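Trainee: No sequence on hand, only this structure:
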């Protein structure tokens, strides 16, 4: 193994690095730095009331009456609920904190509507 040589006008001022330094330096040259771990995202769960109904054309609607702008529709009841959960998650992601979410009082249930609670993860 070749030895490290130093060239300087005053060689007495130079001290060789400890062996550990050179071992660490070689490892750095051989091994790339590990990728930084992605930041973990906190997942929140919200309990949301949905009003689910079927219109005269056979289309199902699912609306969160306590959260303005959150609702969707689908060809089946299950599809409407899943679409609504996705829409609710999108609405909730727009707010910086829970205090900013404009929850409303849930109105009375219309006669031709089913009410259910669901959990939405954001």
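Mentor: Received, thanks. Note that the structure is predicted; figures quoted are calculated from it, not measured.

Trainee: quick one: average pLDDT of the helix or strand hosting residue 62?
Mentor: Take DSSP states H and E as the rule and residue 62 turns out to sit in strand 60-63. When pLDDT is averaged along strand 60-63, the result is 96.

Trainee: Could you please name the strands that strand pairs with and the direction of each pair?
Mentor: strand 45-54 (antiparallel), strand 71-74 (antiparallel) (DSSP bridges).

Trainee: Now do residue 57 against residue 102, distance only.
Mentor: Separation of residue 57 from residue 102 (Cβ to Cβ, to the nearest Å) stands at 31 Å. Yep, even glycine has a C-beta here, placed from its N, CA and C like the rest.

Trainee: Give the other helices and strands that the lengthiest helix in the chain contacts.
Mentor: Counting by DSSP state H, the longest helix found in the chain is helix 77-93. Helices and strands touching helix 77-93, by 3 or more Cβ pairs under 8 Å, 6 or more residues apart in numbering; DSSP states H and E, are strand 45-54, strand 60-63, strand 71-74, strand 114-121.

Trainee: Reformat these as a markdown table; add mean neighbour count and distance to residue 85.
Mentor: Shown next, in a markdown table, are the helices and strands packed on helix 77-93 (neighbours: other Cβ atoms under 10 Å; distance: least, Cβ to Cβ, whole Å):
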| stretch | mean neighbour count | distance to residue 85 |
| --- | --- | --- |
| strand 45-54 | 17 | 8 |
| strand 60-63 | 22 | 8 |
| strand 71-74 | 18 | 8 |
| strand 114-121 | 13 | 5 |
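
Trainee: Tell me which of the ones you listed lies nearest to residue 34.
Mentor: strand 114-121 (29.9 Å; Cβ to Cβ).

Trainee: Give the pairing partners of the closest one; include direction for each.
Mentor: Counting by DSSP bridges, the strands paired with strand 114-121 are strand 45-54 (antiparallel).

Trainee: Go ahead and name everything in contact with the partner strand.
Mentor: The contact list for strand 45-54 (Cβ atoms under 8 Å, 6 or more residues apart in numbering) reads 60-67, 70, 77, 80-81, 84-85, 88, 92, 106, 109-110, 112-122.
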